[in-house]
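A.B. asks: Provided below are the primary sequence and the corresponding predicted coordinates.
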Amino acid sequence: MDRLSPATLPRLPAGIIKPDYDRAAITTGIVHLGLGAFHRGHQAVYTDALLKHDPRWGILGVSLRSPDTRDALAPQGGLYSVTASDGAGRQRRIIGALTGLAVAPEDPAALLARLADPAIRILSTTVTEKGYSHDPATGALRVDDPDILHDSLNLGHPRSTLAFIVGGLQLRRQRGLQPYTVLACDNLPANGHTLRGLVIAFAGLVDRDLAAWITDNIRFPSTMVDRIVPATTDADRADVGAALGLDDAWPIVTEPFSQWVIEDDFAGARPAWDVSGAQFVRDVAPFELMKLRLLNGAHSTIAYLGYLMDCETVAAAMAEPELAGLVEDMMREEVTPTLPALGGFDVAAYRAALLQRFRNPALKHKTAQIAMDGSQKLPQRLLGTIGDRLARGLPITRLALAVAGWIRYVSGTDERGQPIALRDPLAAQLRALADEAGPVASRLTPALLSLTSVFGSELPRDPRFEFAIETALDDLFQKGTRATVAETRRAAR
Ligand code: CS2
């Protein structure tokens, strides 16, 4: 089969949406770090729909580690397809927004040079939680991180996201160029604010004047990003290839839903992403909190408990009535009361829509995929909610089961004694703690709660927290996940 590319674009069957602008006229105004499926199914799609109105916003897509995406998309001239499906219907669309592809470690200096290009007005990031080189419980820079140590001495050849941001800004400052706006698009609370703190802290390691200049001149709008974009499978490739009549080496398969709420705080030019459905608002925080705690909190709960119940995908986990019921109850009874009011916003409808999205049979969203990097995800997804509830003297039964599910998961073996492949930046530490404690709730709970980078220092000292986690974990070990989920659901009512 021929490859999807600018040359073969005219051969696509009718019904497949193609770029509605002259690609040759597009210039690059955005450098995006982290060229994963999420970016290609979210921001790049919003940008694609903007290009016919404003050709200045082509994206140079940068992978920070592996060359795989570049190798897949370069022969396609940066084109790829996005299939959005709810199980009943599907829409396929070709995205042409990527005007360039780069692999940062191959030539970090060349990337810095691009960041000093005056046409670049936005530097955006989807580098996942662990890409921020921070301590997830406190948001502080991990100054002992090997990449941060390296980069603070080698700003001309950076490895980390923070150093690319700072290195590019340093060049622009030296050359008297307008700086770019830094747009964080990861699932972190107050992501722009958090990134700003980290960038300034890192810049302070290199050059105090530069840190002060960044403090005064650079904007870091926060954003709430939402679209469920599972990792692409070979079955997706085969299905998309058959539909396009052309081979797409890295298609995106996602849901129809998409949301992007952006804090309206840009220095200079701002892409009019609102023409393609994004919302610019004064304060993103309430949207972020709602999304992180309801969607991502539920996702992680489904991931750990679902995985332990042998559910390969989120949709399979949602077909387990007790688990789906527990998650729904948790969202309504335990999470929603911790959220700030969003004037006129119907949270009940939002929750119902989320449950529907989780049930989407077209998405083969693996529980094991969401389960990864739990040490970086738990604080903003579950622990913040728990802290807020404990401060108000409210019960945390279902949330505690979710956290216990994570501990059970990182203990390393599933309920049939099979090893669980742990993917987490703290994997070695988690495994060592789990091995030393053994599968005994009264030992494993305090061992893991001692991880201050995950739990902070306050929560583990709260006896209500430790008791709730230990009880739930003991049930998981003694009775198994299926029975524990059903019993907890009943008991919490
Ligand atoms: C998921 C998210 O992998 C995960 O941890 O919870 O990627 C989720 O699909 C997105 O945040 C949805 O917007």
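C.D. replies: Looks like it arrived, so ask away. Keep in mind the model is a prediction, meaning the values are calculated, not measured. Residues are numbered from 1 along each chain as shown.

A.B. asks: residues of the stretch 101-250 of the chain that sit close to the ligand?
C.D. replies: For the stretch 101-250 of the chain, the residues in contact with the ligand (CB under 6 Å from any ligand atom) are N187, D226, R227, I228. (Glycine included, C-beta is placed from N, CA and C.)

A.B. asks: residue contacts, the closest residue to the first one other than its chain neighbours?
C.D. replies: So that's N187. Sequence neighbours aside, N296 is the residue nearest to N187 in space, at 5.7 Å (criterion: CB to CB, 6 or more residues apart in numbering). Residues near N296 by CB atoms under 8 Å, 6 or more residues apart in numbering: N187, K377, Q380, R381.

A.B. asks: mind giving me the PyMOL select for the residues you listed, buried ones only?
C.D. replies: Listed next is the PyMOL selection for buried residues among those, using 16 or more other CB atoms under 10 Å:
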select buried, resi 187+377+380+381
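
A.B. asks: OK, now which residue of the stretch 101-250 of the chain is nearest to the ligand?
C.D. replies: D226 (3.9 Å; CB to the nearest ligand atom).

A.B. asks: burial count for that residue?
C.D. replies: 21 (other CB atoms under 10 Å).

A.B. asks: any idea what it is bridged to?
C.D. replies: Q259 (DSSP bridges).

A.B. asks: how about the strands in the protein?
C.D. replies: 28-33, 58-63, 80-85, 90-95, 98-103, 122-125, 181-184, 223-226, 252-254, 259-263, 279-281 (DSSP state E).

A.B. asks: E288 and S222 touch, don't they?
C.D. replies: Yes. Proximity of E288 to S222 meets the contact threshold set by CB atoms under 8 Å, at 6.7 Å.

A.B. asks: common neighbours of these two, please.
C.D. replies: Contacts common to E288 and S222, judged by CB under 8 Å, 6+ apart, are A190, N191.

A.B. asks: settle this for me: I26 is touching L50, isn't it.
C.D. replies: No. I26 is beyond contact range of L50, at 10.6 Å (criterion: CB under 8 Å).

A.B. asks: need the residues touching each of those two.
C.D. replies: Counting by CB under 8 Å, 6+ apart, the contacts common to I26 and L50 are W57.

A.B. asks: so how far is E466 from the residue nearest to A298 when sequence neighbours are not counted?
C.D. replies: Excluding its sequence neighbours, the residue lying closest to A298 (CB to CB, 6+ apart) is V327, at 5.1 Å. As judged by CB to CB, to the nearest Å, V327 and E466 stand 24 Å apart.

A.B. asks: can you pick out the residue with more neighbours from these two?
C.D. replies: Between V327 and E466, counting by other CB under 10 Å, V327 is the more crowded of the two (28 against 17).

A.B. asks: is the more buried one in contact with S300, as I believe?
C.D. replies: No. In this structure, V327 is not within contact of S300 by CB under 8 Å, at 10.4 Å.

A.B. asks: rewinding a little: so the residue of the stretch 101-250 of the chain closest to the ligand makes contact with G277?
C.D. replies: No. Assessed by CB under 8 Å, D226 is found out of contact with G277, at 11.8 Å.

A.B. asks: can you list residues touching both of these two?
C.D. replies: Shared contacts of D226 and G277 (CB under 8 Å, 6+ apart): S258, W260.

A.B. asks: and the helices in the stretch 1-150 of the chain?
C.D. replies: With helices called from DSSP state H, counting those that start in this stretch, the stretch 1-150 of the chain shows them at 37-41, 43-50, 68-73, 108-115, 146-153.

A.B. asks: repeat for the stretch 351-493 of the chain
C.D. replies: For the stretch 351-493 of the chain, the helices defined by DSSP H, counting those that start in this stretch cover 367-371, 374-378, 384-391, 397-410, 427-437, 441-449, 452-455, 463-479, 481-492.

A.B. asks: send the alpha carbons of the second one over as PDB?
C.D. replies: C-alpha atoms of helix 374-378 as PDB (Å, rounded to 0.1, in the frame of the first residue of the first chain):
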ATOM      1  CA  GLY A 374       1.200   6.600  39.300                       C
ATOM      2  CA  SER A 375       3.700   8.200  41.600                       C
ATOM      3  CA  GLN A 376       3.500  11.300  39.500                       C
ATOM      4  CA  LYS A 377      -0.300  11.200  39.000                       C
ATOM      5  CA  LEU A 378      -1.700  10.400  42.400                       C
END
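
A.B. asks: by contact count, what packs against that helix?
C.D. replies: helix 297-308, helix 397-410, helix 452-455 (3 or more CB pairs under 8 Å, 6 or more residues apart in numbering; DSSP states H and E).

A.B. asks: L444: which of those is closest?
C.D. replies: L444 lies closest to helix 397-410 among the helices and strands packed on helix 374-378, at 6.2 Å (CB to CB).

A.B. asks: can that closest one be said to contact the ligand?
C.D. replies: No. If you take CB under 6 Å from any ligand atom as the test, helix 397-410 misses the ligand, and the best it gets is 12.2 Å.

A.B. asks: quick check: D474 vs L401, distance?
C.D. replies: In terms of CB to CB, D474 sits 11 Å off from L401.

A.B. asks: now F202
C.D. replies: Counting by CB to CB, the gap from F202 to L401 is 38 Å.

A.B. asks: neighbour count winner among those two?
C.D. replies: L401 (29 against 25).

A.B. asks: would you turn the strands of the chain into a markdown table with mean pLDDT?
C.D. replies: Putting those into a markdown table (pLDDT from 0 to 100) gives the following:
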| stretch | mean pLDDT |
| --- | --- |
| strand 28-33 | 98 |
| strand 58-63 | 98 |
| strand 80-85 | 98 |
| strand 90-95 | 98 |
| strand 98-103 | 98 |
| strand 122-125 | 98 |
| strand 181-184 | 98 |
| strand 223-226 | 98 |
| strand 252-254 | 98 |
| strand 259-263 | 98 |
| strand 279-281 | 98 |
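
A.B. asks: tell me the most buried of those?
C.D. replies: strand 252-254 (a mean of 27; mean count of other CB atoms under 10 Å).

A.B. asks: pLDDT averaged over stretch 451-468, what's the number?
C.D. replies: Mean pLDDT, stretch 451-468: 97.

A.B. asks: how far away from the center of its chain is that stretch?
C.D. replies: Computed by CA atoms, centre = their mean, to the nearest Å, the separation of stretch 451-468 from the middle of its chain amounts to 25 Å.

A.B. asks: list the buried residues for it?
C.D. replies: Result for stretch 451-468 [16+ other CB under 10 Å]: buried residues L451, S453, V454, F455, G456, L459, P460, F465, E466, A468.
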